[in-house]
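> return atomic coordinates for the entry below.
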Amino acid sequence: MGVKRYKNYNVLTASRERVKIVFDNFERIYVAFSGGKDSSVMFHLVMEEAMRRKRKVGVMYIDFEAQYAETIKHAKEMFKIYKEYIDPHWICIPMLLRNAVTNYEPRWVCWDEEKKDIWIREKPNYPYIKTEKDYPFGVAKMEFEEFIVWVGEWYSQDKPTAAFIGIRAQESLHRYCAIATWEKRDLMFNNYRWTTKIADNVYNVYPIYDWLTQDIWKYHAKYPEKPHNKIYDKMQMAGVPLSHQRLCQPFGDDQRRGLWLYHILEPNTWFKLVARVNGANSGALYVQENGNISGYNKITKPDNHTWKSFCNLLLQTMPKKTRSHYTLRFKKFIHGWHRRGYPIIPEEAPPELESKCWAPSWRRMCKVLLRNDYWCKGLGQAQPKSDAYQKYKEIVRTRRMQMKEVKKTLPEEQKTTIHKIRKQRNSNYRMANFFRG
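Residues are numbered from 1 along each chain as shown. Okay, here's the model as predicted:
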């Protein structure tokens, strides 16, 4: 794990230098823009450099349908003021998204054509709107996590490509690890810690990773002419602490904690959310609670129950499909710990070990159920790749095989020429990086 080291210059200067380095070294660049405060500041910083160099950059804005109206307004404004220097992608694809506020509909699909009559709002008709038909890998009901990787590969066109991502290490340990972990030492561009290779020729770049929340608002105070999302002003008036002012699709495992704000900040959007997604109303009512209601912090079991019997009771209360999903995941969890020397899963373990996933227990499984942790991340498991992903990988594999067959039919001279061009290009690329330091 990396160690924090403080420099004698501020984060704004450091971020601008990182952006310059990216423009010096990558042929293709795009910004992952969410409309939130962090990605907005990053967007402004990238566009400063793009306008100075008169270069166009791609902008990927994924519209999840369930968005604050202020966020949509802000995104439109950002696209408008930088229209001369961006390749805009306002993406409205039916994507599978997590719904952590109910066991009856653990996932929902934004822009689902089968539920068009209860959409939270009409699909935009701007000229830069993109649907699944605009991307060769696009399919309805694809996973968000898969799309963001595929779009990078597609946008790169086999050229060195940088994707600007507006995450900050202060926000969570997971995001800090994305920057600091030594496990990615072979996946960094020129050993820059603020980069991570995600695909061939594609690197994620985190130019504002070391900013604090206060730095974001200092930037806007210094440059008041640069637009920001006005929903944050409303959050401030509603008494929401700066550290809790975050945007995303509202029904995710972490994001659901801010669901109640829709009721206060945008009532017209709120009643549409309730009609659109199962569990939105009850989720907003109880997600701030701790204990058995939400599965957060300390949980308790009923009298005369063991943690194992309580776990089975919770499973019996769930819909059959959801119960089968958790049962399969629990069997995997139990089998894994059997192989590690636990022939019997204990009722509970020291909380410190449970929180770090260092010991199994039936209490951990109960907490997963009470928290609606659909992919059992609390048990150290992960979300599997979707069928769409497998199909796409098969298409890529087939295309590569076809290209190999085509190369075999080329004359030897042409093969040699192609090899020399590639070798020279790679040599020039490495030499340019060397002289840039």
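
> make it CA atoms for all contacts and neighbour counts henceforth
OK.

> which regions of the stretch 301-437 of the chain lie under the pLDDT threshold?
Counting by pLDDT under 70, the stretch 301-437 of the chain shows low-confidence ranges at 385-397, 399-400, 402-404, 406-408, 410, 413-437.

> again, only using 50
Residue ranges of the stretch 301-437 of the chain with pLDDT under 50: 424-437.

> Val109 is in contact with Lys141, isn't it?
Yes - assessed by C-alpha atoms under 8 Å, Val109 is found in contact with Lys141 at 6.5 Å.

> shared neighbours of these two, anything?
Pro94, Met95, Leu96 (C-alpha atoms under 8 Å, 6 or more residues apart in numbering).

> and for the last one, the neighbour number?
Neighbourhood size, Leu96 [other C-alpha atoms under 10 Å]: 20.

> let the chain start at 46 from now.
In the new numbering, first residue 46, that becomes Leu141.

> right, and it touches Cys155 too?
Yes - judged on C-alpha under 8 Å, Leu141 makes contact with Cys155 at a distance of 7.0 Å.

> can you give me the helices for the stretch 346-482 of the chain?
352-361, 365-384, 396-400, 407-415, 432-453, 457-480 (DSSP state H, counting those that start in this stretch).

> which residues does Met280 contact?
Gln290, Leu306, Leu310.

> Cys155 too?
Phe109, Glu110, Ala111, Ile138, Pro139, Met140, Leu141, Leu142.

> try 6 Å
Phe109, Glu110, Pro139, Met140 (C-alpha atoms under 6 Å, 6 or more residues apart in numbering).

> and the buried ones among those, selectable in PyMOL?
Of these, the buried ones can be selected in PyMOL as follows, counting by 16 or more other C-alpha atoms under 10 Å:
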select buried, resi 109+110+139+140
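
> would JSON lines of the contacts of Cys155 with pLDDT and distance to Tyr277 be doable?
As requested, the contacts of Cys155 are exported to JSON lines (pLDDT from 0 to 100; distance: C-alpha to C-alpha, whole Å):
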{"residue": "Phe109", "pLDDT": "93", "distance to Tyr277": "19"}
{"residue": "Glu110", "pLDDT": "94", "distance to Tyr277": "19"}
{"residue": "Pro139", "pLDDT": "95", "distance to Tyr277": "27"}
{"residue": "Met140", "pLDDT": "92", "distance to Tyr277": "26"}
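
> nearest to Pro364, of the contacts of Cys155?
Met140 (23.1 Å; C-alpha to C-alpha).

> okay, and the beta partners of that closest one?
Beta-bridge pairing of Met140 under DSSP bridges involves Met187.

> that one and Asp245, how far apart?
To Asp245, Met140 is 24 Å away according to C-alpha to C-alpha, to the nearest Å.

> give me the low-pLDDT residue ranges for the stretch 196-345 of the chain?
331.

> which parts of stretch 231-246 are buried?
Across stretch 231-246, burial judged by 16+ other C-alpha under 10 Å covers Leu232, Met233, Phe234, Arg238, Trp239, Thr240, Thr241, Lys242, Ile243, Asn246.

> could those be laid out in CSV, adding secondary structure?
Formatted as CSV, the buried residues of stretch 231-246 follow (DSSP: H, G, I helix; E, B strand; the rest coil):
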residue, secondary structure
Leu232, coil
Met233, coil
Phe234, helix
Arg238, coil
Trp239, coil
Thr240, strand
Thr241, strand
Lys242, strand
Ile243, strand
Asn246, coil
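
> which pair of those spans the longest distance?
Largest pairwise distance in those, by C-alpha to C-alpha, is 17.0 Å, between Arg238 and Asn246.

> which parts of the chain are strands?
For the chain, the strands defined by DSSP state E occupy 73-78, 102-107, 131-136, 140-143, 152-154, 174-175, 187-188, 206-210, 240-244, 247-250.

> how much space separates the one residue sitting closest to the centre of the chain from Lys275?
Closest residue to the average C-alpha location of the chain: Glu190 at 6.3 Å, with C-alpha atoms, centre = their mean. According to C-alpha to C-alpha, Glu190 stands 27 Å off from Lys275.

> repeat for Ser354
49 Å.

> likewise Arg97?
For Arg97, the distance to Lys275 equals 27 Å [C-alpha to C-alpha].

> repeat for Trp199
Taken as C-alpha to C-alpha, the span from Trp199 to Lys275 is 33 Å.

> for His134, same thing?
22 Å.

> looking at the two, which is more packed in?
Taking other C-alpha under 10 Å, His134 and Lys275 do not tie; His134 has more neighbours (20 against 15).

> hey, what's the residue lying closest to that one once chain neighbours are set aside bridged with?
Excluding the flanking residues, the one nearest His134 by C-alpha to C-alpha, 6 or more residues apart in numbering is Met105, at 5.0 Å. As for beta bridges, Met105 partners with Ala77, His134 under DSSP bridges.
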